[in-house]
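Student: Below is the sequence, then the predicted model.
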Amino acid sequence: MSIITTQPPARSQPGRILPRRFYARGATDVAQDLLGKYLIHQDTGGIIVETEAYLGLKDAASHAYCGPTDRNRVMFGPPGHAYVYFIYGMYECVNVVCEKKGEAGAVLIRAVEPRIGIELMRTRRPGAKRLRDIASGPGKLTIAMGITRALNGADLLTSDLTVREAIASEPFEITAGPRIGITKCADWPLRFTITGNEFVSRL
DNA sequence: CAATAGATCATCT
DNA sequence: GATGATCTATTGC
């Protein structure tokens, strides 16, 4: 585990949808820069507090490691689109596609701090006792925000799933550590959290 | 609090 | 036919 000190974004319009070029970079950079941004779907949204980078063909833990298939095709497409996959027979997880077309980097959104449409999210996650249980995990946040495989391939700049600049953000530090729930490349420090944030999937 | 079992199915071998 | 970028409930200290 390591701590990375960040600067507040030099120039950002609060609430503005992130531009395509934000995503057209390496997944490791995008994963860190997504922290503190807003993930918005329809009437729900929150602050991204935990992400993981997946490095495509270079990364045995990535769904794209063995090349394009019907499932992972959007990861090889243009940046700034959603890759939503179904896992464990039960859950869906959202990624944002990075890198230029042809390269398959992606960032898994692992946890969100609920901010918009909290009541609606509560009804979708009736088992969640505390606010911090609503979206503190990749499978939980898709349920809370109504994100399904129907959004696989959706454009994050023009669909009703978007990522936006922070409204009013305090400076924060980033903690890096090993990714969760994988067996290959398990020691690569590609999981990033807002240091000390209580809405992450685990401390 | 930590460890473990069970749910459940699309995808790939 | 096995596995998996998970979650919840339950069991055991």
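Tutor: Perfect, thanks for sending it. Since the model is a prediction, treat every value here as computed from it, not as a measurement.
Student: Leaving out chain neighbours, which residue sits closest to the residue most central in space within chain A?
Tutor: Closest to where the C-alpha atoms of chain A average out (Cα atoms, centre = their mean) is residue A:109, at 2.0 Å. Using Cβ to Cβ, 6 or more residues apart in numbering and skipping residues adjacent in sequence, the residue nearest residue A:109 is residue A:94, 5.1 Å away. From N, CA and C alone the C-beta is placed, and that goes for glycine too.
Student: Just name the shakiest helix or strand of chain A by mean pLDDT.
Tutor: Between all helices and strands in chain A, the lowest mean by mean pLDDT, DSSP states H and E belongs to strand A:2-5, at a mean of 70.
Student: Name the next helix or strand downstream of it, please.
Tutor: helix A:20-23 (DSSP states H and E).
Student: Starting from that next one, tell me the next helix or strand along the chain.
Tutor: helix A:27-34.
Student: Packing partners of that following helix?
Tutor: Helices and strands touching helix A:27-34, by 3 or more Cβ pairs under 8 Å, 6 or more residues apart in numbering; DSSP states H and E, are helix A:20-23, strand A:44-55, strand A:105-116.
Student: could you dump those to TSV with mean pLDDT and distance to DNA strand B?
Tutor: Below are the helices and strands packed on helix A:27-34 laid out as TSV (pLDDT from 0 to 100; distance: least, Cβ to the nearest atom of the strand, whole Å):
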stretch	mean pLDDT	distance to DNA strand B
helix A:20-23	98	22
strand A:44-55	98	14
strand A:105-116	98	14
